Structures are given as structure tokens and as C-alpha cells.
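what follows is a predicted structure for the sequence shown.
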Amino acid sequence: MPALNATQPPFGLMQDWPLTVDRVLEHARVNHGHREIVSRSVEGPIVRETYADLYARARQVSTALLEDCVQPGDRIATLAWNGARHMEIWFGAMGIGAVLHTVNPRLFPEQIAWIINDAGDTHLFFDLTFLPIVEQLVEKCPSVRRWVLLTDEAHAPPAGKIPNLAIYEGFIAGKSCEVTWGDFDERTAAGLCYTSGTTGNPKGVLYSHRSNVLHSLTSLQRDSLGFSVDDVIMPIVPLFHANAWGITFSAPAVGAKLVMPGSKMDGPSIYELMDAEKVTFSAAVPTVWLMLKQYLEETGKKLPHLDRIVVAGSAVPEAILRSYEDDYGVKVFHAWGMTEMSPLGSMGATTPEFREQGKDAVQRNKLKQGRPSFGVEMKIVDDNGNELPRDGKTTGHLVVRGPAIAGAYFKNAGGNILDKDGYFDTGDVAHMCPLGYMQITDRAKDVIKSGGEWISSIDIENIAVGHPAVANAAAIGLAHPKWDERPLLVIELKPGQSASREDILGFLTGKIAKWWMPDDVAFVEKIPLGATGKLNKLQLRQTFRGYTWPEQAVAAR
Ligand code: ADP
């Protein structure tokens, strides 16, 4: 620890305590050592370990990596589900100054190979599920000198095509826990996560120890995630999706019990684990909550232990919000963020002003993406970067800055990404109200521009999924002879349900402005989702390119 500099009056005289993530787990070991991390293992059984176990095993990972000649700054990749082993690798790699790189297994193998090569990963730890993907990667990823299969000898497959394969339990068995963690600059790189690359190649976001610790501290504010030692937290959001929204750090920071769903992401499995472990808090994208809601409706089951959920990644549909709150007594918090923001940017906690207006006002306001926590500065700007009024209707580009927000991409991909005042353009289009609530109306690249005016595809979709027969909805802008673009509403129906174009348009009538009304409705078997579970509008726009609008729709406008 550097000596205190008592001789220079401008400096305070407090201890210099670098904000490195190993301290979070050290805190959990000392103060919450007995609290559990419960994981549904890929092999099948439910596995229980404590924060003390996690700490010891993570240190064994560190020793194993050091013995395998891992240097500070080397990238250690994972292709893994949420589970304690995955967390051991996080802390084991980060603790010694290596960079933990979570890779999204839902990408195509070619994209995964591209990302691994761009990152120059030296090690890749992977779950059994991903063996077929890894077999395709081996030839294509020369920087990876060790592949580590996350299982024990008993479950390891017969020797196959993967050279330098280690079996995780053997890799760390008997390794020493006597290893030095931290003791480096808090700005040292800790984690790497690629954006999904829906426009151009994916770009790496390189988190630092400091940004991760600050993000955890800010997310622990009561109007943000607000965790407590009483919480039993199930991150359904994967660890490979933007740091699992920081839960891997914020849960140990307060000693909350963790429940990890592993590879079983279906309604019955999630429900079973939630119920058995009495989960009080969970976080996931809207599609997961929609799926669980369908399961609850089919079975008549309830959620007696679940106190609150965070829905983020895409906008929460009103039907989901009201159903969880009214039918199941679960408080819903709508959050917005992005990989570049570590990822939390805003949270829809209620203020006294809305509470005074009653439940309906509170719920309507919760459909907005919320307000920034301390640590995030945001504003809405026009095309020239001028700040727009917070009047709840003037829409523009959402820009942000803060200590846990990217200042550049890995290897400086894309060049300078900040404006002259240090703000990062999120690529989202939004407005803000005088109380600071921000509402996203679109992603800039998904905006529907009709006759020069923006139509919010998100609003249309969220209302459409409230129709009882609709499983999922996507509004996309397609070329139109008169208005440049008009919205087409693409609908996926629930199994066994039916609805006509007129039913859907009738359902929207009165709920959206007349000129927002989609010009047509197209029914598809399945709406394509991207690797983080969001509507893949790029694919939909390709599918419907050259769409012929119905005669009456063209004539009417
Ligand atoms: P990607 O989807 O590109 O992999 P992220 O997971 O970082 O990357 O997604 C960030 C984007 O997701 C945001 O810029 C925004 O467009 C969208 N998003 C996240 N949360 C919400 C939300 N609550 N409502 C609407 N859009 C959201």
C-alpha cells in the first residue's frame, strides 16, 4: 500500500484502498462465509457451496492459471452457464490481474471464433453443453493454449478432438490457496464482454476493477438493485450478458444467497428452483418473464417467496408488469442499461410524486426505463449535441457518462466514442420527464420514420403483447411509397391461439396515436431473437424486404 502523503495539503489523509474486485469476495468470506451459492449443475444435481468455498476454489483457479503461465492482462475466456464454477473462474482470473472474458454461447460458432481471436484468449473454460461448439473452435482459435472442460473425471467424455484439454476439477485439485490477489492499480482491466454486433463486428468492452466495484456500490442503492443479506438472488440473466447486470459482485458484497439456474432455462426448471430455494429476487429479460408467466398460468402455481424482479434488456410490456404485480404480488422494477455501462444505467423505482397518485399511476410510470442512479449522468440531445428539454415528450439521442461507462472499446475499435464533454452516445432514442424518468422510444437503428416523424416501435409492441392470443410482437419500419416508411407489425401467436389482422389492429385502436397504427399485420411461426434474447429486427427487416402493402393501407394515408 503506498505511503500516506501527509506533506501535500491538497490530498486527504484517508487510506489508499484500491477498488479491486477480490476485496468483494474477501468481504464475503470473512463476513458471510457460510452463506450459500446453490447451482443446478450441468451434470444434473443441485450443488451447494458457500462463499468460503467459492473463495478457496477461486484461489485454486488462480494458482492453476499461474502454474499454466498466465500473465497479468492475459484473457481467460468462459463459455458457461450461471453456476458457482463459473464464478470461481471470474474471481480466480480477476484476482491475479488476468482479464475474464465471458463469451456468449448463443452466437454462431464463426462469431464466437471471431471474438476469441479478437480478444486473443489464452484459456477457454467451457461447460459440457458446449463441447460440440468447442470442437469446431479448436482449429480456428490458435491463441487458446488450454481448453478446460467444466466437469470432473467421472463426467468427462472420452478423449476426443481437443488438444490441451484439462478437466476442471483435476485442473484445480490440490492447488494451493496461498496466492496474492489484488495489489495492483484499481484501473487494471478485469473483464471483457463483446457487444452483440448487430451493426458491424462485435466490439469489446473492457471493464476495470474500479468500474466493477463502483458499479456494484451504486447498484446497491435502495432505488437500484438494493440487495440485502436477507435476499436470495437468482440471476437468470446469464453471466455472459453484461456481467449478469453486476450481480456476481453485488450479491457477495452484501452476502446474499445466490441461486444459479445452470443450463435449465425453461419455465418448470426455473420455477422449481425458485420455489425450493425461496428466491426473493431475480433478474431477466422480458422473454424469460413472459415464459414463466405462461407456465404459471398453465399450472395455476404462485410465487409466494418472490419479492421483486428486475426486467431489463428490452422494454417491459405492460401486461407482464401488471400481471406479476397484481396476480402474483411481485414488485417489478424496469431497468435499462447496456454492456458499455457495466451495464445498469437507470432503474424504475417509484418516487413519492407517483405514489401519491395511486397504483395505476405508479404502474404506468414503471413502464418508463427509470432514473439514473448516482454514478450515471444522462441527457437527451439533438443531432448537433444540444441538450433537449426534460419535458416528457421531446425525443432525441440518449447520451451518458460515468465511471462505469466505456471510454473506448477494446483495441480502440471504432475510434473515439465520446463527445467533447465525455458523453457516450447509447444509440437509443428517448425522452425524459421533469422528474428525471427516461423513456426509450427506440434504438436509433430500429426507428420507424414516417413522413419525417418518429414512431415508437417499442410502444406498439408492448401494447400488442397485451392481446391474449399474442406471444410476441415486433414492429418494424418498411419502405412505403408515400411516407418513406410505415410500421409493419409482426406477430407470433401463442400455441393453439388465433387472431386476425383486424383483431390485432382493433386491440391497438385508441391505445396509440392514429398515425402510428401499423399498416399491416404479418403472422409468423416464430419471431427471431438475437443472442441476448432480444427481437432480431435486422433479420425481420430482411425477411420482409420488398413487402407489398395492402392496397387500402397505401390509399388511406
Ligand atoms: P446488445 O443487445 O447490443 O447485445 P446490450 O445487452 O448491451 O447489447 O443492449 C443494450 C441495449 O438494449 C440498449 O442500448 C437498449 O437499446 C436496449 N435495452 C436495454 N434495456 C432496455 C429497456 N429496459 N427498454 C428498452 N430497451 C432496452
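All right, it came through fine. Numbering: from 1, shown residues only.

CA atoms for contacts and neighbours, from now on please.
Will do.

export the longest helix seen in the chain as PDB, just CAs?
Longest helix of the chain, by residue count under DSSP state H: helix 51-67. The C-alpha trace of helix 51-67 is given here as PDB (Å, rounded to 0.1, in the frame of the first residue of the first chain):
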ATOM      1  CA  TYR A  51     -18.800 -18.100  -0.100                       C
ATOM      2  CA  ALA A  52     -15.900 -19.500   1.900                       C
ATOM      3  CA  ASP A  53     -15.700 -22.500  -0.500                       C
ATOM      4  CA  LEU A  54     -16.000 -20.200  -3.500                       C
ATOM      5  CA  TYR A  55     -13.200 -18.100  -2.200                       C
ATOM      6  CA  ALA A  56     -10.900 -21.100  -1.700                       C
ATOM      7  CA  ARG A  57     -11.700 -22.700  -5.000                       C
ATOM      8  CA  ALA A  58     -11.300 -19.400  -6.900                       C
ATOM      9  CA  ARG A  59      -7.800 -19.100  -5.300                       C
ATOM     10  CA  GLN A  60      -7.100 -22.600  -6.500                       C
ATOM     11  CA  VAL A  61      -8.100 -21.500 -10.000                       C
ATOM     12  CA  SER A  62      -5.600 -18.600  -9.600                       C
ATOM     13  CA  THR A  63      -2.800 -20.900  -8.700                       C
ATOM     14  CA  ALA A  64      -3.700 -23.300 -11.600                       C
ATOM     15  CA  LEU A  65      -3.600 -20.400 -14.000                       C
ATOM     16  CA  LEU A  66      -0.300 -19.000 -12.700                       C
ATOM     17  CA  GLU A  67       1.200 -22.500 -13.000                       C
END
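
which elements pack onto that helix?
Contacts defined by 3 or more Cα pairs under 8 Å, 6 or more residues apart in numbering; DSSP states H and E place helix 51-67 against helix 22-32, helix 84-95, helix 168-172.

in it, which residues are buried?
51-66 (16 or more other Cα atoms under 10 Å).

show the average pLDDT along the helix or strand following it.
Following helix 51-67 in sequence order, the next helix or strand is strand 75-79 (DSSP states H and E). On average, the pLDDT along strand 75-79 is 98.

isn't Val138 up against Leu165?
No - between Val138 and Leu165 there is no contact under Cα atoms under 8 Å: 10.4 Å.

common neighbours of those two, please.
The contact sets of Val138 and Leu165 do not overlap (Cα atoms under 8 Å, 6 or more residues apart in numbering).

can you pull the contacts of Ile504?
For Ile504, the contact set (Cα under 8 Å, 6+ apart) comprises 464, 467, 521.

contacting residues for the closest residue to the ligand within the stretch 151-300 of the chain?
Among the residues of the stretch 151-300 of the chain, Ser196 lies closest to the ligand, at 3.9 Å counting by Cα to the nearest ligand atom. By Cα under 8 Å, 6+ apart, the contact list for Ser196 reads 202-203, 531-532.

residues in this protein within reach of the ligand, list them.
Listed as neighbours of the ligand in the chain under the rule Cα under 6 Å from any ligand atom: 195-196, 312-315, 334-339, 369, 426, 428, 440, 443, 532.

those residues in strands, which ones?
Counting by DSSP state E, those place 334-337, 426, 428, 440, 443 in strands.

residues in contact with stretch 161-176?
Contact with stretch 161-176 is made by 57, 59-61, 63-64, 135, 138, 145-153, 156, as judged by Cα under 8 Å, 6+ apart.

which regions of the stretch 1-150 of the chain lie under the pLDDT threshold?
Filtered on pLDDT under 70, the stretch 1-150 of the chain yields the residue ranges 1-7.

give the closest residue to the residue in it that the ligand sits nearest to in space, chain neighbours not counted.
Proximity of the stretch 1-150 of the chain to the ligand (Cα to the nearest ligand atom) peaks at Asn104, 9.6 Å away. What sits nearest to Asn104 in space, not counting adjacent residues and going by Cα to Cα, 6 or more residues apart in numbering, is Phe240, at 5.5 Å.

show me what contacts that neighbour?
Neighbours of Phe240 in contact, by Cα under 8 Å, 6+ apart: 79-80, 102-104, 193.

give me phi/psi at Ser282?
Backbone geometry at Ser282, expressed as degrees, to the nearest 10, gives phi -150, psi 160.

re the thing from before, which one among the ones in strands among the residues of the chain next to the ligand gets closest to the ligand?
The closest of these to the ligand turns out to be Trp336 (Cα to the nearest ligand atom; 3.7 Å).

show me what contacts that closest one?
312-314, 344-347, 369-370 are the contacts of Trp336 under Cα under 8 Å, 6+ apart.

what do you get if the cut-off is 10 Å, keeping everything else the same?
Residues near Trp336 by Cα atoms under 10 Å, 6 or more residues apart in numbering: 310-316, 343-348, 368-372, 438-440.

from those residues, which would you call buried?
Counted by 16+ other Cα under 10 Å, the contacts of Trp336 give 310-316, 343-348, 368-372, 438-440 as buried.

touching, the residue of the stretch 1-150 of the chain closest to the ligand and Ala113? I think so.
No - Asn104 is beyond contact range of Ala113, at 11.1 Å (criterion: Cα atoms under 10 Å).
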